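Asker: Got a predicted model here, sequence first, then my questions.
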Amino acid sequence: GENVEQHPSTLSVQEGDSAVIKCTYSDSASNYFPWYKQELGKRPQLIIDIRSNVGEKKDQRIAVTLNKTAKHFSLHITETQPEDSAVYFCAASRVSFQKLVFGTGTRLLVSP
Amino acid sequence: GAVVSQHPSWVICKSGTSVKIECRSLDFQATTMFWYRQFPKQSLMLMATSNEGSKATYEQGVEKDKFLINHASLTLSTLTVTSAHPEDSSFYICSARDLRETQYFGPGTRLLVL
């Protein structure tokens, strides 16, 4: 079955710096890759997703890149702010199979 | 964006009792909902996939007689933890899938079994 690895497990940056979180997946048939942000005690919130027919997607300060050949995808956050502090999860799925396989999460801390 | 509600938000119960958790998609129809369990500082562990009008599909290691799932309508799925024990204490989160295949999560239910 699918296996998703996520790195780093923790990431500390200064406000204004960029943050990059990387994930690799094992199932070459996976074609949907969402990223979720989870604040302490709250629900995961979808922040961006990408499908396998594109290599990059941007939404303001957030971008995701996908390398299908290498089977990895990354989340890029620019101009980080303290409110970006949270746990970020990547996930992968074969859309037709429906279920998401999550990475282990990255705890991002943005210091003022 | 799509809204998913979950009720109750927290519950404390005695060992041996059953607890029912509801998951509702408020502004869209969801033929498929998912139930996850999350331990502190850990990732989301899929327990089962709930399909409207049919039996749920459970992940390996999840006892179907322990965690009963019912998906009676396109907007409601329920998870019943039967004969709950302290080891069942956890954060349970549901999600609902929309027509674009996007999953939206409920706010979660914190269960504490004494």
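Answerer: That came in fine, so what should we check first? Numbering: from 1, shown residues only, chains lettered A, B, ... in the order given.
Asker: Report the contact partners of the residue of chain A at minimum distance from chain B.
Answerer: Relative to chain B, the nearest point of chain A is residue A:43 (4.3 Å; Cβ to the nearest Cβ). C-beta here means a position set from N, CA and C on the backbone, and glycine is covered the same way. Contacts of residue A:43 were listed using Cβ atoms under 8 Å, 6 or more residues apart in numbering or on different chains, and they are B:93, B:105-108.
Asker: For the residue nearest to it when sequence neighbours are not counted, the count of nearby residues, please.
Answerer: Once flanking residues are discounted, residue A:43 sits nearest to residue B:105: 4.3 Å by Cβ to Cβ, 6 or more residues apart in numbering or on different chains. By the criterion of other Cβ atoms under 10 Å in any protein chain shown, residue B:105 has 22 neighbours.
Asker: Pull the contacting residues for residue B:105.
Answerer: Counting by Cβ under 8 Å, 6+ apart, residue B:105 has contacts A:36, A:43-45, B:4, B:93-95.
Asker: For the residue of chain B found nearest chain A, list each beta-bridge partner.
Answerer: Closest approach of chain B to chain A (Cβ to the nearest Cβ) occurs at residue B:105, with a separation of 4.3 Å. Judged by DSSP bridges, the bridge partners of residue B:105 are residue B:95.
Asker: any residue of stretch A:16-33 up close to chain B?
Answerer: Yes: on the criterion Cβ under 8 Å from any Cβ of the partner chain, stretch A:16-33 is in touch with chain B at residue A:32.
Asker: How far does that stretch stretch from one end to the other?
Answerer: 26 Å (Cα to Cα, to the nearest Å).
Asker: Can you check the pLDDT for the most far-flung residue of chain B relative to its centre?
Answerer: Taking Cα atoms, centre = their mean, the residue of chain B most remote from its mean C-alpha position is residue B:100, at 21.0 Å. The model reports residue B:100 with a pLDDT of 80.
Asker: returning to that earlier point: how confident was the prediction at the residue of chain B closest to chain A?
Answerer: pLDDT, residue B:105: 95.
Asker: Please determine how far it is located from residue A:45.
Answerer: Between residue B:105 and residue A:45 the distance is 7 Å, computed by Cβ to Cβ, to the nearest Å.
Asker: overlap in contacts of the two?
Answerer: residue A:36.
Asker: Neighbours of the closest residue to residue A:77 other than its chain neighbours, how many?
Answerer: Of all residues not flanking residue A:77 in the chain, residue A:19 sits nearest, at 4.5 Å (Cβ to Cβ, 6+ apart). Using other Cβ under 10 Å, residue A:19 has 20 other residues around it.
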